[in-house]
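Undergrad: output the structure for:
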Amino acid sequence: MNSTTSQQQNNASSAPDLLSGSNADLTQSTNEPSQTTNYVSMEMASELPLHQGGVHNDDDENQSVAESIVSSVLTADGIHDFPGFLCVCLVILLGDMSRGVMFPSMWPLVESLGGTQVTLGYSVAAFSFGRVLVNPLFGSMSHTLGYSKTLFIATSILLLGTLMYAQVQNVGNPQFLIVAQTCLGIGSGTLGVTRAFVADVTAKRNRTTYMGWITAVQYGGFTVTPFVGSFFIVVLKDSDVSLGPIRFNMYTAPAYFMTVIAIIALFVLAVFFRDRQRISLEKETRKSTKQAEREDYANSMTFVGLSVFDCCVLGCFLLNVSTKGSIASFETMGIAIAQSHFDMTSSRAGLIVSFCGAVGVYALLSLGLLGQYFSDVQLIGGGMAIMCLGIAALVPIKENFKNPGWEYFLAIFLIYGIGYPVGHTAVIGIFSKIVGRRPQGYLLGWFASAGSLARMFFPVMSGYISSYAGVDKLFIVLCCVLVLSIFFVYLSRNTLNFLSC
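TA: A predicted model of the protein is given here:
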């Protein structure tokens with residue numbers, strides 16, 4: 001009997017590892033009671049009121065909780081709502097599939113409409129422009145309307161975008177392609193919402209691991225699914241079937257394919273996703289010594305007039321911009337460069353990106369193992385350095401010359417297979433940890449918007465630089481951006497490590 005009681009006490013005292021985080025702004029979902037789950041957010045439950053059993057512990061910022069709360073959590077390192085996590089993964093996959101599936105045929109479509117590389121840059125940027133418009137809005141809506149309604153609204157808009165994309169050829173105007181891309185971007189602008197959901201249902205100490213999981217899904221949607229677009233190019237290259245306004249060929253097939261996936265996602269959200277009603281805990285808490293030291297340091301002012309916390313948030317935003325912008329340049333120019341400098345077909349280039357993207361997904365799923373040996377700061381710096389090496393490998397390529405294909409493969413492998421997935425995901429993880437007890441949905445929405453801004457600016461910049469100065473100058477610019485980012489990470493490594501621990 002005594003051993004059982006002791007074991008229960010040990011289990012209760014270990015629960016804080018599950019329940020770390022913030023007393024964020026809390027709201028209630030308006031869904032039907034049968035579809036709503038009451039829960040204590042893992043971010044909100046890190047410190048319980050003292051009269052409810054909260055105890056002081058200098059070794060861990062988390063506080064002991066009642067065994068009834070512990071029993072509601074899957075495992076000490078697990079996910080509180082695994083079915084909801086799977087539904088969110090489907091939404092994430094859908095959002096980036098709407099880019100990945102269209103990726104191989106985007107440049108041929110722009111050419112068929114009479115567009116140039118600059119037009120391609122604007123078309124790619126339009127997708128991110130749509131995300132910029134709504135990322136913070138959807139993040140706020142997740143607090144006011146709940147996750148379920150926000151995700152359902154966004155997915156419905158994405159469904160509309162796929163139908164518009166399928167009509168681009170009928171309209172025959174590159175500007176309509178840009179409008180369709182914007183609509184797709186708006187519908188997929190839920191990164192802040194989905195990341196906030198994951199932050200709510202996972203423990204802080206393993207946040208980077210689970211952020212790696214959803215980033216693997218997102219990354220797979222963008223980098224692995226181009227094989228679907230390549231398949232349509234190979235099978236439907238010489239086919240064009242029309243039935244009234246419906247036209248089925250290698251340009252429209254990806255859009256109709258995404259229409260079907262969007263309808264499936266709406267069904268899953270309506271039937272299986274249970275919205276979450278957030279429960280506020282009182283703020284009568286005692287902070288641990290370590291947490292108090294971190295908060296005092298985070299609130300201290302720097303010589304630029306901003307707090308240390310604000311500087312770290314701004315720095316993470318810039319790191320997000322540099323990594324997202326660099327990959328966006330390859331999203332824009334990758335197929336065009338493969339065709340013009342390496343004499344590859346668009347389908348072959350798409351398959352190379354898909355293969356390297358699959359390697360990147362494996363790297364993302366291995367972040368938990370990498371995290372045992374490297375800190376988030378080291379993963380950020382290492383990932384960016386590998387990206388820089390991959391881009392530098394393309395600087396020597398020659399114009400009007402068939403360059404060896406292995407150079408293209410090596411560059412894509414280093415960027416898509418290792419550098420970007422590891423470095424960028426570590427940036428997401430460390431940002432979420434630094435944000436801590438503040439509203440995750442709102443701030444992660446702005447974080448996602450910063451990345452989307454990069455995906456707007458860099459594609460347009462890439463189109464102009466490659467058209468007027470050559471692709472080698474573009475790669476030099478991207479290398480300089482990443483080198484400056486690595487330098488910032490090195491200078492701020494101690495502060496980032498301290499505030500994210």
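
Undergrad: what's the span of stretch 337-347, first residue to last?
TA: 13 Å (Cα to Cα, to the nearest Å).

Undergrad: in the stretch 101-250 of the chain, where is pLDDT below threshold?
TA: 204-205, 208 (pLDDT under 70).

Undergrad: in the stretch 251-400 of the chain, where is pLDDT below threshold?
TA: Answering for the stretch 251-400 of the chain: the residues below the bar, that is pLDDT under 70, span 276-288.

Undergrad: ok, now with 80
TA: Filtered on pLDDT under 80, the stretch 251-400 of the chain yields the residue ranges 275-295, 298, 304, 331-333, 335, 346-347, 367-368, 399-400.

Undergrad: where along it do the strands fall?
TA: With DSSP state E, counting those that start in this stretch, the ranges of strands along the stretch 251-400 of the chain come out as 275-278.

Undergrad: same check, this time on the chain
TA: In the chain, the segments counted as strands under DSSP state E are 36-39, 241-243, 246-248, 275-278.

Undergrad: what about Ser105, neighbour count?
TA: Counted by other Cβ atoms under 10 Å, the residues lying close to Ser105 total 27. Placement of C-beta: from N, CA and C, glycine included.

Undergrad: distance of it from Leu133?
TA: To Leu133, Ser105 is 25 Å away according to Cβ to Cβ, to the nearest Å.

Undergrad: also Pro421?
TA: Here Pro421 is placed at a distance of 26 Å from Leu133 (Cβ to Cβ).

Undergrad: buried ones in stretch 407-426?
TA: 408-426 (16 or more other Cβ atoms under 10 Å).

Undergrad: touching, Cys356 and Leu410? I think so.
TA: No. When contacts are counted by Cβ atoms under 8 Å, Cys356 is not listed as touching Leu410 (9.9 Å).

Undergrad: and Ser239, its phi and psi?
TA: phi -110, psi 140 (degrees, to the nearest 10).

Undergrad: what is the neighbour count of it?
TA: Neighbours of Ser239 (other Cβ under 10 Å): 11.

Undergrad: next: the one 5 residues further on.
TA: By the criterion of other Cβ under 10 Å, Gly244 has 5 neighbours.

Undergrad: so who does the residue nearest to Leu158 when sequence neighbours are not counted touch?
TA: Counting by Cβ to Cβ, 6 or more residues apart in numbering, Leu158 lies nearest to Gly187, which is 2.5 Å off, once chain neighbours are set aside. Gly187 makes contact with Gly95, Ser98, Gly130, Ala154, Thr155, Ser156, Ile157, Leu158, Leu159, Leu160, Gly161, Ala262 under the criterion Cβ atoms under 8 Å, 6 or more residues apart in numbering.

Undergrad: Lys402 now?
TA: His341, Phe342, Asp343.

Undergrad: identify the residues contacting stretch 357-375?
TA: 206, 208-209, 212-213, 215-216, 219-220, 222-224, 226, 379, 382, 413, 416-418, 420-422, 425-426, 497.

Undergrad: dihedrals phi and psi, the closest residue in space to Gln167 that isn't next to it in sequence?
TA: Excluding its sequence neighbours, the residue lying closest to Gln167 (Cβ to Cβ, 6+ apart) is Pro245, at 6.9 Å. Pro245 has phi and psi values of phi -80, psi -10 when expressed as degrees, to the nearest 10.

Undergrad: touching, Leu160 and Ala180? I think so.
TA: No. Between Leu160 and Ala180 there is no contact under Cβ under 8 Å: 9.4 Å.

Undergrad: please say which of those two ends up with more neighbours.
TA: Each of Leu160 and Ala180 has its neighbours counted (other Cβ under 10 Å); Ala180 has more, 26 against 16.

Undergrad: wait, that one touches Met164, no?
TA: Yes. Using Cβ under 8 Å, Ala180 is in contact with Met164, at 4.0 Å.

Undergrad: now the helices for the stretch 401-501 of the chain?
TA: 405-412, 420-435, 440-468, 471-491, 493-500 (DSSP state H, counting those that start in this stretch).

Undergrad: give the buried residues for the third one.
TA: If I follow you right, that is helix 440-468. 440-445, 447-463, 465-466.

Undergrad: what's the distance between it and the middle of its chain?
TA: Distance of helix 440-468 from its chain centroid, counting by Cα atoms, centre = their mean, to the nearest Å, is 13 Å.
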